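Colleague: build me a model from this:
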Amino acid sequence: MPAELQSTSQGQTLVLTLRNPERRNAIDPAMVAAGIEALSVAESSPDIRSVVITGADGMFCSGGNLQRLLANRQQPPAVQAQSIEGLHHWIEAIRTYPKPVIAAVEGAAAGAGFSLALACDFIVAARDAVFVMAYSNVALSPDGGASWSLSQALSRQMATEILMTGDRIGAERLHALGLVNRLADPGSALDAALSLAAQLNAKAPNALASIKELLSEAPHATLTQQLGRERDHFVKNLHHANGGEGITAFLEKRAPRYE
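Modeller: I've put the predicted structure just below:
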């Protein structure tokens, strides 16, 4: 069975499922292209308010296909560079996507699979899920934004440990470190992610887009710059139709109906 990225809808949530049974859901160029296309289409759809990325058959993603990497050693370096650029376009698409993206992790998230989960806004993981940055175990360095994501979220020492040792880390430890948002019973990570998505789907989409943009900009801004950006987003959202609906609904003690 060829590798594919399955796309289905559950209410207002788009579910993207990595499926590559022969390679434990290893990332394939066709998957990457499909992921970028799916996000592009869903961005303009008012019917989709969130995205969940998961893996088929109880496994999130084993990372890169080592057989393909070995074959690429016989090709000019530009071949592998082009392949990584494709993955990086998908990572950037997730990071800049204006709607919430949730990783639902069962089994293992290894290498680029771990990087993919880190690119998401939320990680929901089964309690017995494991994460590993396996690059150093095969004499490679990370891709998929792993070094950026980990250095943003953790101390230098902790990020160094994860990347250099290549040790497996349980979901519960990553939850304690703040990288995993929610833990779920084994086999129920997708259900828990969909529950979180439903909670987010009830929020005003424009407000969530502003929050994601502000969080992305904050590490590179001075306090003064960020205060200015917060002011601009606040005023824009107050004068959006959803701003009026949200305040009115709160005062009237009813559920808001956002567009």
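Colleague: quick one: average pLDDT of the lengthiest helix in the chain?
Modeller: Ranked by residue count under DSSP state H, the longest helix found in the chain is helix 77-96. Averaging pLDDT along helix 77-96 yields 95.
Colleague: tell me the angle the helix or strand following that helix makes with helix 77-96.
Modeller: Per DSSP states H and E, the first helix or strand lying C-terminal to helix 77-96 is strand 101-105. Interaxial angle, strand 101-105 versus helix 77-96 (axes from the mean of the first three to the mean of the last three CA atoms, to 10 degrees): 110 degrees.
Colleague: output the contacting helices and strands for whatever helix or strand comes next after strand 101-105.
Modeller: Downstream of strand 101-105, the first helix or strand assigned by DSSP H and E is strand 108-110. Contacts defined by 3 or more CB pairs under 8 Å, 6 or more residues apart in numbering; DSSP states H and E place strand 108-110 against strand 130-132. Glycine gets a C-beta too; all of them are placed from N, C-alpha and C.
Colleague: buried residues in the next helix or strand after the strand it packs on?
Modeller: The helix or strand immediately downstream of strand 130-132 is helix 146-153, counting by DSSP H and E. Buried residues in helix 146-153, counted by 16 or more other CB atoms under 10 Å: Ala146, Ser147, Trp148, Ser149, Leu150.
Colleague: ditto for stretch 26-45
Modeller: Ala26, Ile27, Asp28, Met31, Val32, Ala34, Gly35, Ile36, Ala38, Leu39, Ala42.
Colleague: same thing with stretch 43-62?
Modeller: Buried, per 16+ other CB under 10 Å, within stretch 43-62: 48-56, 59-62.
Colleague: average model confidence for stretch 131-151?
Modeller: On average, stretch 131-151 scores 96.
Colleague: buried residues, it. List them.
Modeller: The neighbour-count criterion (16+ other CB under 10 Å) identifies 131-135, 142-150 as the buried residues of stretch 131-151.
Colleague: now swap in stretch 112-130 and tell me
Modeller: For stretch 112-130, a neighbour-count test (16+ other CB under 10 Å) marks 112-126, 129-130 as buried.
Colleague: restricting to C-alpha, output that stretch in PDB.
Modeller: Extracted in PDB, the C-alpha atoms of stretch 112-130 (Å, rounded to 0.1, in the frame of the first residue of the first chain):
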ATOM      1  CA  ALA A 112      10.800  14.200  11.800                       C
ATOM      2  CA  GLY A 113       7.600  12.800  13.300                       C
ATOM      3  CA  PHE A 114       8.500  14.400  16.600                       C
ATOM      4  CA  SER A 115       9.400  17.600  14.700                       C
ATOM      5  CA  LEU A 116       6.000  17.500  13.000                       C
ATOM      6  CA  ALA A 117       4.200  17.200  16.400                       C
ATOM      7  CA  LEU A 118       6.200  20.100  17.800                       C
ATOM      8  CA  ALA A 119       5.200  22.300  14.900                       C
ATOM      9  CA  CYS A 120       1.500  21.900  15.900                       C
ATOM     10  CA  ASP A 121      -0.100  24.300  18.400                       C
ATOM     11  CA  PHE A 122      -1.100  21.600  20.700                       C
ATOM     12  CA  ILE A 123       0.100  18.000  21.400                       C
ATOM     13  CA  VAL A 124      -2.400  15.500  22.800                       C
ATOM     14  CA  ALA A 125      -0.600  12.200  23.600                       C
ATOM     15  CA  ALA A 126      -1.500   8.800  24.900                       C
ATOM     16  CA  ARG A 127       0.100   8.100  28.200                       C
ATOM     17  CA  ASP A 128       2.200   5.300  26.800                       C
ATOM     18  CA  ALA A 129       3.300   7.300  23.700                       C
ATOM     19  CA  VAL A 130       7.000   7.800  23.200                       C
END
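Colleague: all set, thanks.
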